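Engineer: Quick one, structure for this:
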Amino acid sequence: MPADSLQLHSFPKAWNTRGAQAASALTLAAMSLGYGVVQLDVTIVNTALEAMSKTLGGGVAELQWVVSAYTIAFAAFILTAGALGDRIGAKRIFMAGFAIFTAASLACALSPNAIVLIGARLVQGLAAAILVPNSLALLNHAYTDDRARGRAVAVWAAGASLALTAGPFVGGTLITLVGWRAIFLVNLPIGLAGLWLSWRYASETTRARSREVDLPGQLAAIGALGSLAGAIIEAGALGWDHPAVLAAFVASAVLAALFVWRESRAAQPMLPLSLFGHRLFTLTTIVGLLVNVAIYGLIFVLSLYFQRINGLSAWWTGLAFVPMMGAVLPVNLLAPRLAERIGSCQTIVVGTCTSALGCLGLVWIEAGTSYWAIVAQMIAISGGLGLLVPPLTSTLLGSVEKARSGIAAGVLNATRQTGSVLGVALFGSLIASDSAFMTGLHQSLIISAAVLLIAAAVIGFGARSSTHTM
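Structural biologist: Modelled structure (predicted):
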C-alpha cells in the first residue's frame, strides 16, 4: 500500500484520539469549575459578613446561619448525592446540581432579608453536595488510564485549593467595588460555563438502577445536624439553659440515635457502619472532624475580628487572609514527601501540633493588635492544615478496601463539613455579644489549640496502639 494511503488511513484514528483527549480535557475543566465554585463559596462569604449585617440587619447568630446553612446541607447530603449519581447518572445529576447552585446563587444575591439569604444558602449547600462526588465520578469515567486519571484528579484538587485561597481576596475586592451581592453573582458565569461544557463534552456514566437512596437516613442526618448546630448557635443569644436550646439538643440526640439505628438496618445505608470496624478509618474520621471544628470556626471569628473590632474594610480583610489561605497549597505539595520520610500518622501529628502552636501564639491578641504581629501565627495555623490533609485522606482511603474508597472519601468529606458547622456554631456563640467579643475570641483560640492537640493525641497514640495489636 502506498505511503500516502497509509497516512490517509491513519488520519481518522489520530483525529478521533485527539478529539477524545480534547473532550476529556474539557470535561476536566467543567468538573474543576464545579468543585472550584463550591470551595470558593466556603471562604468568599467570610469577608462579606459585616457588609451583610449592615444591609440585612441581624446579629452574630444570623451571620452564623448564613455560613452554617451552606455547610449543614453540604455535610448532610453529600453521601446521598453520590448514590443519586449512581442511580440516575453522574452527568445528569451533576448538571442538575450546577443549575441549582447557579439559581441559588442568584437568589442569594437578590435576598431582601437574612431569612431569604439563609434559605438560599441552604439550597446552595445541597447543590454543592451534588457537585463534589459526581464531578469525581465523571472524571473517573473520562480518564480510564490510571496515570492520566491521577493527573486529572490533581488538577481538579489544585483548582479547588486555588479557589479556596482566592475566596477572601476576591470577595473583598468585589464587595469594595460593587457590593456584597456581587460575591454571589460571580457564580453565574461560572455556572453557565460549567453547564455548557458538561452538556457538550462529558460522557454519561452507567446507571445503576439497583442503587437505592436511603431517604429515612438522609432526613435523620439533616435533622440531627441542623438541631445540634441550631442549639449551639442560639445558645449564644438565648443562653445554654433556655428551653428551646435544651429541646434542640434533645432533638439532635434522638435523631442521631435514629440515624445510627437506621444505618445499622438499611440494605444499602448511606453510611455503612462497618467502615468503623477499621481502626485507622475511625481515627482519621475523628481527626477530620476535630480539625475542621478548630480551623473553620476560627476563620469565622477572625473575619469578624478584623472588620468589627479592628475596623478593616472588606478588601483589607480579604487581603489579610491571603497569606493564611495561600500557605495551604504549597504545604499540600510538601506533605506527601514528609509522609514518605516519617510516616503518614506522624505527619498528621506534626500538622495538628503546628496549627495548635499557631492558635496559642494568638491568645494574647487584643483590639488594635497590628496585623504584622499575628500574620506568622495565621500562616502556622493554615500551614498545619495543609500538612495534615493529604496524609489524612490517604491514610483513610488506605484503611478500607479499594471497592469502598468512594464511600470512605464521602464519609471524610461529610465529617469534615460537620466539623465546620460545629466550629462556626460554637465559636460564634462565644462572640455573640460585642462587649464579650475579645473574651470569646481568646476562648476560641484556647479551644482550637486544645481540640487540635486532642486530634494529635488521637492519631498519634491510636495509630501506635493499632500497630502494637496487629
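Engineer: drop to CA atoms for contacts and neighbour counts, all remaining ones
Structural biologist: Noted.
Engineer: which intervals of the stretch 151-300 of the chain have sub-threshold pLDDT?
Structural biologist: Applying pLDDT under 70 to the stretch 151-300 of the chain picks out residues 154, 208-211.
Engineer: At which residues are the helices of it located?
Structural biologist: When assigned using DSSP state H, counting those that start in this stretch, the helices of the stretch 151-300 of the chain occupy the ranges 182-185, 187-201, 215-238, 243-265, 279-304.
Engineer: Now do the contacts for Ser313.
Structural biologist: Neighbour list for Ser313: 172, 176, 307 [criterion: Cα atoms under 8 Å, 6 or more residues apart in numbering].
Engineer: related to what we said a few turns ago, just send the helices of the stretch 151-300 of the chain back as TSV, with mean neighbour count and distance to Ala48 too.
Structural biologist: Listed next are the helices of the stretch 151-300 of the chain as TSV, based on neighbours: other Cα atoms under 10 Å; distance: least, Cα to Cα, whole Å:
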stretch	mean neighbour count	distance to Ala48
helix 182-185	21	8
helix 187-201	18	15
helix 215-238	22	19
helix 243-265	17	28
helix 279-304	24	9
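Engineer: Identify the residue nearest the geometric centre of the chain.
Structural biologist: With distances taken as Cα atoms, centre = their mean, the residue of the chain nearest its centroid is Gln417 (5.4 Å).
Engineer: Check which helix or strand that one maps to.
Structural biologist: helix 405-430 (DSSP states H and E).
Engineer: I'd guessed Ala327 sits against Gly383; true?
Structural biologist: Yes. Here Ala327 reaches Gly383: they are 5.5 Å apart, a contact under Cα atoms under 8 Å.
Engineer: Between these two, which is the more surrounded one?
Structural biologist: For Ala327 versus Gly383, the count of surrounding residues by other Cα atoms under 10 Å is larger for Gly383: 26 against 21.
Engineer: Now do the helix holding Gln417 and helix 215-238, the angle between them.
Structural biologist: Taking axes from the mean of the first three to the mean of the last three Cα atoms, to 10 degrees, one finds that helix 405-430 is oriented at 20 degrees with respect to helix 215-238.
Engineer: follow-up on the earlier one: of all the helices of the stretch 151-300 of the chain, which one is nearest Ala436?
Structural biologist: Using Cα to Cα as the measure, helix 215-238 is the one of the helices of the stretch 151-300 of the chain that comes nearest Ala436, at 11.0 Å.
Engineer: and that closest one, what other elements does it pack with?
Structural biologist: On a contact count with 3 or more Cα pairs under 8 Å, 6 or more residues apart in numbering; DSSP states H and E, helix 215-238 meets helix 60-88, helix 243-265, helix 405-430.
Engineer: May I have the second one exported as CSV, CA atoms only?
Structural biologist: Extracted C-alpha coordinates of helix 243-265, given in CSV (Å, rounded to 0.1, in the frame of the first residue of the first chain):
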residue,chain,number,x,y,z
PRO,A,243,-35.8,25.6,77.0
ALA,A,244,-35.6,26.0,73.2
VAL,A,245,-31.9,25.3,73.3
LEU,A,246,-32.3,22.3,75.5
ALA,A,247,-35.1,21.0,73.3
ALA,A,248,-32.9,21.3,70.2
PHE,A,249,-30.1,19.3,72.0
VAL,A,250,-32.6,16.6,72.9
ALA,A,251,-33.9,16.5,69.3
SER,A,252,-30.4,16.2,67.9
ALA,A,253,-29.6,13.3,70.2
VAL,A,254,-32.8,11.5,69.4
LEU,A,255,-32.4,12.0,65.6
ALA,A,256,-28.7,10.9,65.8
ALA,A,257,-29.8,7.7,67.6
LEU,A,258,-32.4,7.1,64.9
PHE,A,259,-29.8,7.7,62.2
VAL,A,260,-27.5,5.1,63.7
TRP,A,261,-30.4,2.6,64.1
ARG,A,262,-31.5,3.2,60.5
GLU,A,263,-28.0,2.8,59.1
SER,A,264,-27.4,-0.5,61.0
ARG,A,265,-30.5,-2.0,59.4
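Engineer: Sweet, I'm off.
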